[in-house]
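1. for reference, the sequence and a predicted model appear below.
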2 protein chains.
Amino acid sequence: MEYYSSQISRLIESLASLPGIGIKSAQRLAFHILDMPETEVEMLAGSMIEARRKICYCRQCFTLTDHELCPICKNPDRNQKLIMVVENPRDLAAYEKTGKYDGVYHVLHGAISPMLGIGPADIKLQELMQRLSGDVDEVIIATNSSLEGETTAMYISKLIKPAGIRVTRIASGVPVGGDLEYIDEITLLRALEGRTEL
Amino acid sequence: MEYYSSQISRLIESLASLPGIGIKSAQRLAFHILDMPETEVEMLAGSMIEARRKICYCRQCFTLTDHELCPICKNPDRNQKLIMVVENPRDLAAYEKTGKYDGVYHVLHGAISPMLGIGPADIKLQELMQRLSGDVDEVIIATNSSLEGETTAMYISKLIKPAGIRVTRIASGVPVGGDLEYIDEITLLRALEGRTEL
């Protein structure tokens, strides 16, 4: 890319290394950044550096936060005896957006995947077991509905059940607004198995 | 987004303000950035700030560069008497990628658009006319094939022709590999009008 000056090439390369950003998007972003007022570029760059520097794991649920405890774990209105286990902070955010869940979370930061060499020790599972030694009514496993997510759910449930704590799994089935015609067979079978009385 | 800490929210908002990045992509990017080693985040942020600070317009063709003259204008192997007029530096890069054009460029930084209130004085047209007072053989107008691009092309050609300089327009027609069936009527008519002898 010698038709760009070295700074522009470097910027494009840096942007293209981000997930979901190809070389074309990186070019568009780079030229947009070069068009932005200098103070705005500094704010954008600053927000990256500041976020990266200040962010740590919540001591209790391991989501990303800038305090020892995240706003959810700190909130006295949340039911601390109800723990939803999710794979990552984005999944936590997805459930928070529903606005209907009043328990707390536990972020695993991954899922068990023998294919990728990720074992139970590589995710925050030990930390979950430590939390369960306290007063817990129910653990809701909300890992993804993928092979890794299911494996992780099975593993956790086998680990927790002997302790006498209620373990549940979020339902799997046809998404609301989904057209049966376009839904894969496994989901259709899951929806059938999980059918409820009307 | 109070379920994210303030730093994360700020980072997501900054990223979502970039073109082509919605709130979902911004979230994904933000969490990716928080996962990156701190030095890499600093490099990414630094490349933005540095590029924005050092970049200026080439004194001759007005593309973005970090020197007084861009590498193309400085290159003695390029034909300085052949000027291709483009709307922005990305269009310049697109033609440079072909590797077959040996003239120089003139970047307008926009196109005339009465709808958006962009007139001839808002783009680098005065600067083009100044360049033409020198020794120029041909001006190739390579503005986009949009309404604004065509308007700009017409305007420039009317401005330049009286000076006795050859003015050409890049061809408009069916793209290579394009399937006639899926091509709009205007393009089909253009391709017909612009037919060449075999």
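-> That came in fine, so what should we check first? From a predicted model like this one, the values you see are computed outputs, not experimental measurements. Numbering: from 1, shown residues only, chains lettered A, B, ... in the order given.
2. can you pull out the strands in chain A?
-> For chain A, the strands defined by DSSP state E cover A:56-57, A:64-65, A:79-86, A:103-107, A:138-141, A:166-169.
3. so which of these is nearest chain B?
-> strand A:64-65 (4.6 Å; CB to the nearest CB). Bear in mind the C-beta positions are built from the backbone N, C-alpha and C, glycine included.
4. let's have the strands of chain A in JSON lines, adding mean pLDDT, distance to B:Met129 and mean neighbour count.
-> Listed next are those as JSON lines, based on pLDDT from 0 to 100; distance: least, CB to CB, whole Å; neighbours: other CB atoms under 10 Å in any protein chain shown:
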{"stretch": "strand A:56-57", "mean pLDDT": "91", "distance to B:Met129": "59", "mean neighbour count": "16"}
{"stretch": "strand A:64-65", "mean pLDDT": "90", "distance to B:Met129": "55", "mean neighbour count": "24"}
{"stretch": "strand A:79-86", "mean pLDDT": "94", "distance to B:Met129": "62", "mean neighbour count": "19"}
{"stretch": "strand A:103-107", "mean pLDDT": "95", "distance to B:Met129": "61", "mean neighbour count": "24"}
{"stretch": "strand A:138-141", "mean pLDDT": "93", "distance to B:Met129": "69", "mean neighbour count": "20"}
{"stretch": "strand A:166-169", "mean pLDDT": "91", "distance to B:Met129": "71", "mean neighbour count": "15"}
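5. start and end of stretch A:92-107, how far apart?
-> The first and last residues of stretch A:92-107 sit 8 Å apart, counting by CA to CA, to the nearest Å.
6. chain center to stretch A:15-22: distance?
-> A distance of 20 Å separates the C-alpha centroid of stretch A:15-22 from that of its chain, computed with CA atoms, centre = their mean, to the nearest Å.
7. buried ones in it, by neighbour count?
-> By 16 or more other CB atoms under 10 Å in any protein chain shown, the buried positions in stretch A:15-22 come out as A:15-16, A:18, A:21.
8. isn't A:Thr63 right next to A:Ile55, touching?
-> No - using CB atoms under 8 Å, A:Thr63 makes no contact with A:Ile55, being 10.1 Å away.
9. what about those two, which has more around it?
-> With neighbours defined as other CB atoms under 10 Å in any protein chain shown, A:Thr63 and A:Ile55 compare such that A:Thr63 has more, 27 against 20.
10. so who does that one touch?
-> A:Thr63 sits next to A:57, A:70, A:72, A:89, A:92, A:105, A:107 when contact means CB atoms under 8 Å, 6 or more residues apart in numbering or on different chains.
11. A:Leu132 is in contact with A:Lys161, isn't it?
-> No - with contact defined as CB under 8 Å, A:Leu132 does not reach A:Lys161; the gap is 11.1 Å.
12. neighbour count: these two, which is higher?
-> Neighbour tally, A:Leu132 and A:Lys161, criterion other CB under 10 Å: the higher count belongs to A:Leu132, 15 against 12.
13. contacting residues around the more buried one?
-> Listed by CB under 8 Å, 6+ apart, the contact set of A:Leu132 reads A:83, A:139, A:160, A:163, A:165.
14. widest-spaced pair of the residues you listed?
-> Spatial extent of those (CB to CB) is set by the pair A:Ile83 and A:Ala163 at 12.7 Å.
15. for chain A, which element, helix or strand, carries the lowest mean pLDDT?
-> helix A:185-193 (a mean of 81; mean pLDDT, DSSP states H and E).
16. contacts for that helix next, please.
-> Helix A:185-193 has contacts (CB under 8 Å, 6+ apart) with A:172-174, A:180.
17. swap in 6 Å and give it another go.
-> Contact with helix A:185-193 is made by A:172-174, as judged by CB atoms under 6 Å, 6 or more residues apart in numbering or on different chains.
18. who wins for most neighbours among those?
-> When neighbours are counted by other CB under 10 Å, A:Gly173 leads these with 18 neighbours.
19. A:Ser47: what's it in contact with?
-> B:10-11, B:14.
20. ok, and of these, which contact chain A?
-> Of the residues in the contacts of A:Ser47, proximity to chain A by CB under 6 Å from any CB of the partner chain holds for B:10-11, B:14.
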